[in-house]
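*Asks:* Provided below for reference: sequence and predicted model.
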Amino acid sequence: MTPDDPGSSASRPADPATVAQAIIDGRTALGIELGSTRIKACLVLADDPANVLAVGSHAWENRFVDRLWTYAIDDVWTGLQAAYADLVADVRDRHDVALETVGALGVSAMMHGYLAFDADGELLTEFRTWRNTNTDRSAAVLSELFGVNIPLRWSIAHLYQAVLDEEPHVTDVDFFTTLAGYVHWKLTGRKVLGIGDASGMFPIDAETRDYDTRMLEKFDRLISERAYGLEVATLLPEVVVAGGSAGELTAEGAALLDPSGALKPGIPLCPPEGDAGTGMVATNSVAPRTGNVSAGTSIFAMVVLERPLERVHHELDVVTTPAGDPVAMVHCNNGASELAAWVGLFDRFATVSGGQLHADDVFEALFREALDGEPDAGGLLAYNHLAGEPIADLPEGRPLFVRTPESRLTLANFMRAQIYGVFGTLALGMRVLDGEGVALDRMFAHGGMFRTAGVAQRFLAGALDAPVAVAETASEGGAWGIAVLAAYLAEASDLPLDAYLRDRVFADAEFDVVEPDPEDVPGFAAYLSRYRAGLAVERAAVPAL
């Protein structure tokens, strides 16, 4: 399995005839998430969202065009249609019924980034993703202006960078949003955004659960001389908390998602959310003192706060849960992609040497081998930086594998170093959070790399020195999380989100909890010390090429 593999469903047993009738009657909820390498669709029972009925997926990749990471807009729609068609086929194969409607629908996607449109709804620039690091000047100015950390990937940093660069499209901007907000707009006609995703566009006021008006005014004054008449509040999508009304699927939206014409309009949609928010939902970590780690192309940790942070840290940004509660986020642009590339190398070796191993078997065998590695990975270092990494002060990516003559180069140490490397930059940010005295009872993890039981989960526990839990639905990830938020539409008037997740969705859920290994904790600490020192090699490599 690759780190972004959608995995198998974690369905609960149910009477086949009852399930088939529920699908026909639309007593279901559908979640669709546009991830970094895969677009996934997940159908669940509305009154039992832990019961996954069908899944669909489509692979896609970002492109590096004119020194910016992007996805083609046409690929958004061909990918959505392919993932939905794959889901429809899975429904027919599993349940022998045609999918024509659902009870509720939700869209999620990668947070942050920049999609700007003119008054006619035309896209003004290529989609600029969270992965871009060209916004360093604007992020620094805005962080000082607002008194809070504005990361390079935030949408407002992209807008202000366009202002600083005097890009001609700025004067024509009528609306800007995230990828989830864009798809939701095209499906419903509503320019709205879930508060979690919105909190990665512009800072949120914890009291009003809307954009911070003081900061909106400061931004307008800042750009008044450069972009006369631009009022950022009029350009942002409306903020909606989980459970709030966010529109219905229009006939045009239904045709966009399902060109066959089988899907009926009129389906209610929940607020569109980012992958951070759906990750919190998918791991039942929306209450204070809970947190989660999501590992895929990027890796990030979310910790729900009991109190505001005492200081501003460039390693931490404050976003919200889908219900609007403050969250400290440690976001790393680089996750498991470099690890997957190395696994692919060994997979190819197995093939050319006459082996019959499936790619999933190669992945698991290498992960198991890592368990025999030394606690500090034998002095080896692995850097996963395919793209720039702000936390590590790297403007561009330079993936490296480093060792000294005294390092012990074994396959077990090599694989442990590669897995440690996925968690390296994240651990730097988590050390900052620990310095703030933020309490954490348990960290939940999800993503394909956690499906090999007892390996990445164990190493993450050692890296964080905290228990790490993985649920059955971990491999479904955000697509399942946004399906749960869609199902929550019918329950929001009765239960707050944390109670709904605790009492309705995860009441019978089983979590595999791993405590930190007493040897792994000092072992990873030694690795991280070398990792921090070795970043000088990374930085030196950037201008050299």
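*Replies:* That came through, no problem. Residues are numbered from 1 along each chain as shown.
*Asks:* Put the alpha carbons of the helix or strand hosting residue 319 into CSV.
*Replies:* For residue 319, the host element (DSSP states H and E) is strand 317-320. Taking C-alpha atoms only, strand 317-320 is exported to CSV below (Å, rounded to 0.1, in the frame of the first residue of the first chain):
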residue,chain,number,x,y,z
ASP,A,317,-0.6,28.4,13.2
VAL,A,318,-4.0,28.6,14.9
VAL,A,319,-6.9,27.3,13.0
THR,A,320,-10.2,25.8,14.2
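*Asks:* tell me which residues of it are tucked away?
*Replies:* Residues of strand 317-320 classed as buried: 317, 318, 319, 320 (neighbour count, 16 or more other CB atoms under 10 Å). Just so you know, the C-beta spots here come from the backbone N, C-alpha and C atoms, and that holds for glycine as well.
*Asks:* tell me which strands and helices it is in contact with?
*Replies:* Other helices and strands packing on strand 317-320, by 3 or more CB pairs under 8 Å, 6 or more residues apart in numbering; DSSP states H and E, are helix 195-198, strand 326-332.
*Asks:* any idea which helix or strand comes after the last one?
*Replies:* Scanning the chain past strand 326-332 towards its C-terminal end, the next helix or strand to appear is helix 337-352 (assignment: DSSP H and E).
*Asks:* which residues touch that next one?
*Replies:* With CB atoms under 8 Å, 6 or more residues apart in numbering as the contact definition, helix 337-352 has outside contacts at 2-3, 37, 297, 357, 359, 362-363, 366, 382-386, 399, 418-419, 421-422, 449.
*Asks:* Counting neighbours, which of those residues end up buried?
*Replies:* 2-3, 37, 297, 359, 362-363, 366, 382-386, 399, 418-419, 421-422, 449.
*Asks:* Can you flag which of the residues you listed belong to helices?
*Replies:* Within the buried ones among the contacts of helix 337-352, residues falling in helices by DSSP state H are 359, 362, 363, 366, 418, 419, 421, 422.
*Asks:* Closest one of those to residue 329?
*Replies:* residue 422 (17.4 Å; CB to CB).
*Asks:* ok, that closest one to residue 322 distance?
*Replies:* 26 Å (CB to CB, to the nearest Å).
*Asks:* Same question for residue 501.
*Replies:* Counting by CB to CB, the gap from residue 501 to residue 322 is 10 Å.
*Asks:* Who has more neighbours out of the two?
*Replies:* residue 322 (32 against 26; other CB atoms under 10 Å).
*Asks:* And that one, how far from residue 180?
*Replies:* Counting by CB to CB - residue 322 and residue 180 are separated by 12 Å.
*Asks:* Can you check which residues contact both of those two?
*Replies:* In contact with both residue 322 and residue 180: 194, 273, using CB under 8 Å, 6+ apart.
*Asks:* Can you give me the buried ones in stretch 28-36?
*Replies:* 28, 29, 30, 31, 32, 33, 34, 35, 36.
*Asks:* At which residues are the helices of the stretch 151-300 of the chain located?
*Replies:* 155-164, 179-188, 195-198, 213-223, 232-235, 251-257, 275-282 (DSSP state H, counting those that start in this stretch).
*Asks:* which one of those has the lowest average pLDDT?
*Replies:* The minimum mean pLDDT among these belongs to helix 275-282 (a mean of 92).
*Asks:* Figure out how far it is from the centre of its chain.
*Replies:* 7 Å (CA atoms, centre = their mean, to the nearest Å).
*Asks:* Let the chain start at 15 from now.
*Replies:* Sure, I'll start counting at 15 from here, so that last one is helix 289-296.
*Asks:* center of this protein - which residue?
*Replies:* Nearest to the mean C-alpha position of the chain, by CA atoms, centre = their mean, lies residue 289 at 3.5 Å.
*Asks:* what's the burial count for the closest residue to it other than its chain neighbours?
*Replies:* Leaving aside its sequence neighbours, residue 289 sits nearest to residue 492 (CB to CB, 6 or more residues apart in numbering; 4.8 Å). Neighbours of residue 492 under the rule other CB under 10 Å: 31.
*Asks:* Run through the residues that contact residue 492.
*Replies:* 45, 47, 49, 54, 122, 289, 292, 293, 296, 308.
*Asks:* Can you name the residues bridging to residue 397?
*Replies:* Beta bridges link residue 397 to residue 414 when assigned by DSSP bridges.
*Asks:* C-alpha coordinates for the longest strand along the chain, CSV please?
*Replies:* Using DSSP state E, we find that the single longest strand of the chain is strand 62-73. Once non-C-alpha atoms are left out, strand 62-73 reads as follows in CSV (Å, rounded to 0.1, in the frame of the first residue of the first chain):
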residue,chain,number,x,y,z
ASP,A,62,-24.8,4.8,11.3
PRO,A,63,-21.8,6.7,9.6
ALA,A,64,-19.3,4.1,10.9
ASN,A,65,-20.9,1.7,8.3
VAL,A,66,-19.0,2.4,5.1
LEU,A,67,-21.1,1.1,2.2
ALA,A,68,-18.9,1.9,-0.8
VAL,A,69,-15.8,3.7,-1.9
GLY,A,70,-14.4,5.2,-5.1
SER,A,71,-11.2,6.9,-6.0
HIS,A,72,-9.1,8.4,-8.8
ALA,A,73,-5.4,9.2,-8.8
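*Asks:* Note down every partner strand of it and its orientation.
*Replies:* Assessed with DSSP bridges, strand 62-73 is paired to strand 52-59 (antiparallel).
*Asks:* Now the partner strand: average pLDDT?
*Replies:* 96.
*Asks:* Could I get the CA-only coordinates of that strand as PDB?
*Replies:* This file holds the C-alpha atoms of strand 52-59, laid out as PDB (Å, rounded to 0.1, in the frame of the first residue of the first chain):
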ATOM      1  CA  ARG A  52      -6.000  10.800  -4.800                       C
ATOM      2  CA  ILE A  53      -9.600  11.900  -5.000                       C
ATOM      3  CA  LYS A  54     -11.800   9.700  -2.800                       C
ATOM      4  CA  ALA A  55     -15.500   9.200  -2.400                       C
ATOM      5  CA  CYS A  56     -17.100   7.400   0.500                       C
ATOM      6  CA  LEU A  57     -20.700   6.400   1.100                       C
ATOM      7  CA  VAL A  58     -22.000   5.700   4.600                       C
ATOM      8  CA  LEU A  59     -25.300   5.000   6.200                       C
END
